[in-house]
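> The amino acid sequence is not available; the structure is as follows:
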């Protein structure tokens with residue numbers, strides 16, 4: 001298994017440039033990541049993009065709605081990555097635009113509450129509330145309430161998986177599918193992929209441990225299924241599409257979650273990209289990122305049919 005040929009010559013610079021977030025406060029990490037964000041000169045056009053606020057369990061939640069042409073479209077409620085601590089609607093704007101156009105689907109991007117100011121399960125509760133809002137307001141956004149999916153990358157993938165569990169356990173909202181891009185699934189820092197890729201591959205082990213410390217600081221809480229979905233009973237969940245990057249410390253927990261879903265009778269499509277690193281789908285200059293976006297949208301469209 002080799003790194004993607006476009007990533008290989010960049011990996012040392014990428015890794016060296018990753019800020020030492022584990023030495024920072026949440027606010028400092030957030031400011032550092034935000035300072036490095038360079039918006040595109042010409043964002044990918046979508047028929048309609050608008051910002052709104054919706055009510056949430058801890059106050060208003062900011063969302064951004066991407067609506068391509070059409071009515072009765074599927075809806076993807078999306079949670080950005082960022083270790084539960086940083087990133088926002090802007091950092092994942094490009095990815096959400098692309099997903100909206102490719103599926104096509106209405107994408108509802110969610111600015112859930114961030115840690116450490118807002119600890120577990122605040123982010124997950126916000127995401128569940130946004131999924132409920134999407135179902136309740138599907139007609140108003142041009143969507144189909146029977147085809148609402150949850151999705152996200154990294155920490156956002158955790159929130160999407162947890163929202164699906166909450167929806168099952170609480171009797172709603174109805175969720176049609178899960179799109180989990182290299183998701184955070186369990187606080188296990190000693191598996192093979194952590195040993196292989198926890199240093200030198202852009203998403204270092206100290207940072208990953210720090211993310212958990214910010215969001216779920218009490219180790220015993222990390223065993224709760226609403227923190228670590230791998231600890232849950234998974235029967236009755238909606239089908240999942242899981243992107244797994246081959247050179248990612250989170251590789252093994254993504255594979256374990258797909259296996260656990262299969263064992264519970266839940267269809268799970270694995271989209272494995274052996275040459276990928278954590279976060280590669282938000283790097284649109286990479287061919288592997290565009291191929292991953294294409295493939296997951298094909299899988300989503302097939303699931304929804």
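Arrived safely. All of these numbers come straight from a predicted model, not from anything done at the bench.

> which residues touch the closest residue to residue 139 other than its chain neighbours?
Computed as CB to CB, 6 or more residues apart in numbering, the closest residue to residue 139 that is not its neighbour in sequence is residue 145, at 7.4 Å. The way it works is simple: take the backbone N, C-alpha and C, and place the C-beta from them, glycine included. By CB atoms under 8 Å, 6 or more residues apart in numbering, the contact list for residue 145 reads 75, 135, 136, 138, 139, 174.

> how about the helices in the stretch 201-305 of the chain?
205-215, 251-263, 287-304 (DSSP state H, counting those that start in this stretch).

> what's the closest of those helices to residue 17?
Among the helices of the stretch 201-305 of the chain, the nearest to residue 17 by CB to CB is helix 205-215 (12.9 Å).

> Show me which residues of the closest one are buried.
For helix 205-215, burial by neighbour count (16 or more other CB atoms under 10 Å) applies to 205, 207, 208, 210, 211, 212, 213, 214, 215.

> mean confidence for it?
The pLDDT scores in helix 205-215 average 98.

> Give me the contact list for it.
In contact with helix 205-215 (CB under 8 Å, 6+ apart) are residues 18, 20-22, 26, 83-85, 115-116, 119-120, 123, 155, 184, 187, 189, 194, 198-199, 222, 249-250.

> what about 7 Å?
Residues outside helix 205-215 that contact it (CB atoms under 7 Å, 6 or more residues apart in numbering): 21-22, 26, 83-85, 115-116, 119-120, 155, 187, 189, 194, 198-199, 222, 249.

> same question, stretch 102-112
Taking CB under 7 Å, 6+ apart as the rule, stretch 102-112 contacts 61-68, 70, 73-80, 88-89, 92, 96, 99-100, 123, 126-127, 130, 134, 141-143, 159, 293-294, 297, 300-301.

> Can you say which of those residues are buried?
61, 63-68, 73-80, 88-89, 92, 96, 99-100, 123, 126-127, 130, 134, 141-143, 159, 293, 297, 300.

> Out of those residues, name the ones that lie in helices.
Applying DSSP state H to those, the entries found in helices are 96, 99, 100, 123, 126, 127, 130, 134, 159, 293, 297, 300.
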